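Asks: Turn this into a model:
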Amino acid sequence: MSRNLTAIGLISDTHGLLRQEALHALEGSELIIHAGDVGKSEIIDALKAIAPVFAVRGNVERNPGPPLPETEVVTTGPQQSTCSMTPRARSQSRRCRFFTLS
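Replies: Below is the predicted model of the structure:
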């Protein structure tokens, strides 16, 4: 992705369910980042109908789930954003960190 974007949609923790309210909120996005816990590959397909999608895996992505990376680098014009899932203790949830580099 090499052009400057003005509308980046962010979603996470769909767990295989994509609500109409979420789809409505993402309308107009030029890029969508799913920050993990997708649940089903159909979620990614539905999001791709709105805009290009970059997604990372969460703790619900087990076989047979969508093959997603643990980290993703997205370059949008002069900015670069990195989303990386960082595992924590088993009793705690994972967290997603976003960094903007200029």
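Asks: For the chain, give me the ranges with low pLDDT.
Replies: 1-5, 63-66, 77-102 (pLDDT under 70).
Asks: can you rerun that using 50?
Replies: 2, 85-94, 96, 99-102 (pLDDT under 50).
Asks: Show me where it has its strands.
Replies: Taking DSSP state E as the criterion, the chain contains strands spanning 8-11, 31-34, 53-55, 71-76, 79-86, 95-101.
Asks: wait, doesn't residue 29 sit right on residue 50?
Replies: Yes - in this structure residue 29 lies within contact range of residue 50 using C-beta atoms under 8 Å: 5.9 Å. In short, each C-beta sits where N, CA and C put it, glycine included.
Asks: Need the residues touching each of these two.
Replies: Residues touching both residue 29 and residue 50 (C-beta atoms under 8 Å, 6 or more residues apart in numbering): residue 9.
Asks: Tell me which of these two has more neighbours.
Replies: The neighbour comparison of residue 29 against residue 50 (other C-beta atoms under 10 Å) goes to residue 29, with 20 against 16.
Asks: Next, give phi and psi for that one.
Replies: The phi/psi pair for residue 29 (degrees, to the nearest 10) reads phi -70, psi 140.
Asks: Pull up the distance across stretch 47-55, start to finish.
Replies: By C-alpha to C-alpha, to the nearest Å, the extent of stretch 47-55 from end to end equals 10 Å.
Asks: Number of residues surrounding residue 44?
Replies: Neighbour tally, residue 44, other C-beta under 10 Å: 19.
Asks: same thing with residue 36?
Replies: 24.
Asks: Can you tell me, leaving aside adjacent residues, what's nearest to residue 22?
Replies: Excluding its sequence neighbours, the residue lying closest to residue 22 (C-beta to C-beta, 6 or more residues apart in numbering) is residue 11, at 6.1 Å.
Asks: Alright, that wraps it up for me.
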